[in-house]
Structure formats: structure tokens, C-alpha cells
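[1] Predicted model follows, preceded by the sequence.
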Amino acid sequence: MTVKAGIVCGKCDQLNPVESRECNACGSTLELSASGSRTASDLQSDENVGLRDVVQDGKEDDAMEQAKHLVCGECYTPVPSGHKFCGKCGSSLDNNIIKDPNYFGELQSPGKAKLILIKGEGVDGMSYHLNSTEHLAGRTQGEIVFPDDQWLSPAHANFVYVEDKIIVQDQNSLNGIFVAIKQPTAVQPGATFMAGEQLFRVELVAPVEQNAEDDGTYFFSSPFSAGSFRIVQVLEGGGDGMIVNPQGEAITIGREDCDMNFPSDPFISGTHVKVEASGGGIVVTDLGSKNGTFLKINKEKELVHGDYLFLGRQLLRVEITQ
């Protein structure tokens, strides 16, 4: 076996002949700084060569700072500083997009928010600093992109600042935005919420009057609940699954010993959530579940520190500095 010897360029990884003093591909110097033969002007020249690929709007920024804002141009995965290939799809970083540093800065600015990926596509714990005025998220559009999540719309949500408050706005997405509830929450008919892997819809129930036939005979049927609402399980594709009317004033949902049980759902607690008629309305209450109950927002909602939200299958946590 023949081994080819040479000098590998630290800038572009090109293998050069051992006698080379400059890279044949990018022109960078191949001399070692310890040789003592390099001058200050040589070092300045080398620095300029290293920065030439990260010039933006006619302005040269620090190379290491620029690297922190790179994402893969093929799969939109954030790329750590110093990497030459995307860790997810393997693409060369020559085609990376340099992101605006105002979107994802190294440090979180006071009063600004960041999103931390808890579970979903990409690296768990990845953070998105919301240091600009608007931050669009979706499957193919915006600054926060999850291209493999088929439950995300191309442009799904926008995170904007309004009077120093962070607001998430639904961009007419197909599946909406779900935010975890922290206390009993009044909902309107048609409201949609998640518990574990299950999706539910709240519906009103009109009173039913049974009348006898002309001959005085009543139609035989199951007893009808006198409750004012019902819970409908929403299946993939939008069809209805289990439908339950309360026997009293409330419906409990969980893994076992509830009105609606889902024993095979690994993310639902034993007794997870309660929906009840209260004060002339309908209230949803999380019963101390491990993974929370998430309510679909109506158009937009203010977010506060510690909020959890689902965009498609991406679970994110909101953190806001004081």
C-alpha cells in the first residue's frame, strides 16, 4: 500500500506537496508560526484569507463569531463552530447560509426571549435566541426551520415583540400552536387540546327530547347524558374517534380509571386532565400530569417565562431574561 505524504491546509483541507509553502487550492500559507520566518504582515495576510468567505454586506466580521451563525444550506441544521461538514446530512459547509447575528446571538439580551428545543427534530437543548423583532418558524420558511416535521406548515408561527412582550402568532397553519396550561382555563366550544399523544375537541351538546311514536311507543336506546358538552377524540386525518358525554358535570382523561382511558399512550398520566362545566362555561384543568396539557391558541398569545409550546411535533420551552 502506498501512502501519499503532504501538508494538509488548515483552511480548506487540501492535501499539498510537502515542499509547498502555500495551499494550491486557496492560497493560504502552509508555514508553521513556530518557524519564526513569518512577519506581522504575513499573519495579517493569512487572517484576511481566512475571513474572505465570511464577508457580509462589505463588512468583515470575526470568523469564529460568524461560524456561530451558520446553518446547513441543505437541511437547515445548526452547525457548531469549526465543523467542515453538516453532522446531520453530511453536506459540505461551503454552501452554508450565514445567518443574521441579530437572530441567534451568543448571549441572550436582557428582556429578550429564547426558545429551547426540548423534544423534536434536531439536537435536544438547541436554543434559538429571539433578539430581533420578528422570528418566523415553519417547515420551509423563516429563521427557525424544522424541514422534516410534516405536521408543520411551511410558515407556521411568528414570534414578535409587542411593547416588550413576546407574542406568538399563528400564521394560518393547518395544525395550530399549542401552549401548556398552568391553571384551570376556560375554553370555548370547538377548543382543541392535547394530553399525551391524544388530541381532543370540546363540543356543546343540545338537549334531546324523546317523543313517543304515534302509537305511544318510545325508541329503545342507551341512556342519554344530560351534560352540556362532550369530548371528541380527533384521529389522524381529522376523523372522530372516541366520543364521551359526562355522566355528571366532568370528564376525566388519563391512562386508567378515567372516563376516557388510553392505556397504550406512554406520555399520558394515570389521571391526566379534567374537563368540566363550571359557572355556565367549560373549564379544562391539568391534574398534575407529568407531561402537561396543551391548549390550541386562538390566533395569538403572549408567552411568559417557563411556557411550553408545541409547533408540529417540536416541543419548545420559553426562557426570558430579566
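    In hand now; what should we look at?
[2] Retrieve the pLDDT associated with the residue lying farthest from the centre of the chain.
    Taking Cα atoms, centre = their mean as the measure, the residue most remote from the mean C-alpha position of the chain is D215, 61.8 Å away. Per-residue confidence (pLDDT) for D215: 91.
[3] Please apply the same query to P78.
    Note on P78: pLDDT of 62.
[4] Between the two ends of stretch 200-209, how far is it?
    Its start and end residues considered, stretch 200-209 measures 27 Å (Cα to Cα, to the nearest Å).
[5] hang on, I meant stretch 226-241
    When the termini of stretch 226-241 are compared using Cα to Cα, they are 21 Å apart.
[6] Can you tell me what sits against it?
    Stretch 226-241 is contacted by residues 189, 192, 198-205, 207, 242-249, 251, 253, 260, 275, 277, 282 when judged by Cβ atoms under 8 Å, 6 or more residues apart in numbering. For every residue, glycine as well, the C-beta is placed using N, CA and C.
[7] What residues sit buried inside the helix or strand hosting L316?
    Take DSSP states H and E as the rule and L316 turns out to sit in strand 314-320. Along strand 314-320, these residues count as buried under the neighbour rule (16 or more other Cβ atoms under 10 Å): 314-320.
[8] Show me which of those is closest to E121.
    E121 has its nearest neighbour among the buried residues of strand 314-320 in Q314, at 6.4 Å by Cβ to Cβ.
[9] That closest one bridge partners, please.
    Beta-bridge partners recorded for Q314 (DSSP bridges): L311.
[10] In contact with it, which residues?
    117, 119-121, 146, 149, 152 are the contacts of Q314 under Cβ under 8 Å, 6+ apart.
[11] so which of those comes closest to K84?
    E121 (22.8 Å).
[12] pretty sure that closest one is touching V145, no?
    No. With contact defined as Cβ atoms under 8 Å, E121 does not count as touching V145 (9.6 Å).
[13] Below-threshold pLDDT in the stretch 51-200 of the chain: ranges please.
    Where the stretch 51-200 of the chain drops to pLDDT under 70, the residues are 51-83, 87-88, 93-108.
[14] What segments of it are strands?
    Assigned strands in the stretch 51-200 of the chain, in chain order: 55-56, 59-60, 70-71, 97-98, 113-119, 127-130, 134-138, 144-145, 157-162, 165-170, 177-180, 185-187, 192-195, 198-204 (criterion: DSSP state E, counting those that start in this stretch).
[15] Tell me which of those approaches E300 most closely.
    Proximity to E300, assessed across those by Cβ to Cβ, is greatest for strand 165-170 (4.4 Å).
[16] could you say what helices and strands that closest one packs with?
    Of the remaining helices and strands, those touching strand 165-170 by 3 or more Cβ pairs under 8 Å, 6 or more residues apart in numbering; DSSP states H and E are strand 157-162, strand 177-180, strand 300-302.
[17] now with 6 Å?
    Helices and strands touching strand 165-170, by 3 or more Cβ pairs under 6 Å, 6 or more residues apart in numbering; DSSP states H and E, are strand 157-162, strand 300-302.
[18] looking at these, which is buried most?
    The densest packing among the helices and strands packed on strand 165-170, expressed as mean neighbour count by mean count of other Cβ atoms under 10 Å, is seen in strand 157-162 with a mean of 18.
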